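> pasting the sequence and the predicted coordinates here, then a few questions.
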Amino acid sequence: MLYYSALQKTIFYYSEKEIKLISKKKAVVLNENIKASKVRLIDHDGKQFGIVLINEALERATSLGLDLIELNPDSNPPVCKIIDYGKYKYEQQRQKKLNKKKQHVIHVKEIRVRPNIGQHDLVTKLKKGQKFLLNGDKLKITVMFRGREMHRMEDGITILKEVIEGLSDISKVDKQPSTEGRRISVVLSPI
């Protein structure tokens, strides 16, 4: 099927199955929007009332001052629960924030050097790399070659070996030195 997104001004092609999956994720059916004639009702305390007519379920929800939400529209009859929808939405957002806070993102920091770098400059780069590793980030060291330097790639490999040896007490090799065009790189991760 063909759909046009006005926001992105692009055309998307979706199959019927994909459209159903997209609509399932977004749709939360409340109160009068529930289309079933009979529902399996769960009270706000978690007590099951069994299968009741939709009108009776709506009356119970309004008498308590709460909302009727459709939890599982695919079952026969659909499962509905009496809850405070505002509180429910707030709890979901709060849970999402907590999950995001607990999530640890590992960044890959990169240090680039040349094959003819001076010893003191290399020590400065190593100190910077040490700081990255102590922060918990991964470190990618790249040796870049230009022109005739490509004929002396073993110089780059010796520099990488020096770096690995210099940072061996706080890191381990995640990805062995590999050549990618005019570059040789290694990835280190903190211990």
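Nice, I can see it.

> ranges for the helices of this structure?
16-26, 54-64, 85-102, 119-134, 153-166 (DSSP state H).

> could the ones you listed go into JSON lines alongside mean neighbour count, distance to Ile42 and mean pLDDT?
(Glycine included, C-beta is placed from N, CA and C.) Below are the helices of the chain laid out as JSON lines (neighbours: other CB atoms under 10 Å; distance: least, CB to CB, whole Å; pLDDT from 0 to 100):
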{"stretch": "helix 16-26", "mean neighbour count": "10", "distance to Ile42": "20", "mean pLDDT": "49"}
{"stretch": "helix 54-64", "mean neighbour count": "16", "distance to Ile42": "10", "mean pLDDT": "86"}
{"stretch": "helix 85-102", "mean neighbour count": "10", "distance to Ile42": "13", "mean pLDDT": "86"}
{"stretch": "helix 119-134", "mean neighbour count": "14", "distance to Ile42": "51", "mean pLDDT": "91"}
{"stretch": "helix 153-166", "mean neighbour count": "16", "distance to Ile42": "59", "mean pLDDT": "89"}
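
> generate JSON lines for these, with distance to Val108 as supplementary columns.
Shown next, in JSON lines, are those (distance: least, CB to CB, whole Å):
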{"stretch": "helix 16-26", "distance to Val108": "31"}
{"stretch": "helix 54-64", "distance to Val108": "51"}
{"stretch": "helix 85-102", "distance to Val108": "20"}
{"stretch": "helix 119-134", "distance to Val108": "9"}
{"stretch": "helix 153-166", "distance to Val108": "15"}
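
> for Ser178, find the nearest of those.
helix 153-166 (10.2 Å; CB to CB).

> and the closest one, what does it pack against?
helix 119-134, strand 138-144, strand 171-180, strand 183-190 (3 or more CB pairs under 8 Å, 6 or more residues apart in numbering; DSSP states H and E).

> to Lys38, which of the ones you listed lies closest?
Across these, Lys38 has its closest neighbour in strand 138-144 (55.9 Å, CB to CB).

> ramachandran angles for Asn76?
phi -120, psi 110 (degrees, to the nearest 10).

> can you list the domains in this protein?
Split into domains by automatic domain parsing, the chain comes to 21-88, 108-190.

> including distance to Lys97, could the ones you listed go into TSV?
Output for those, formatted as TSV (distance: least, CB to CB, whole Å):
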stretch	distance to Lys97
domain 21-88	15
domain 108-190	22
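
> right, so of these, which gets closest to Lys102?
domain 108-190 (14.8 Å).

> in JSON lines: the helices and strands packed on helix 153-166, plus distance to Ser37.
Listed next are the helices and strands packed on helix 153-166 as JSON lines, based on distance: least, CB to CB, whole Å:
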{"stretch": "helix 119-134", "distance to Ser37": "62"}
{"stretch": "strand 138-144", "distance to Ser37": "57"}
{"stretch": "strand 171-180", "distance to Ser37": "59"}
{"stretch": "strand 183-190", "distance to Ser37": "59"}
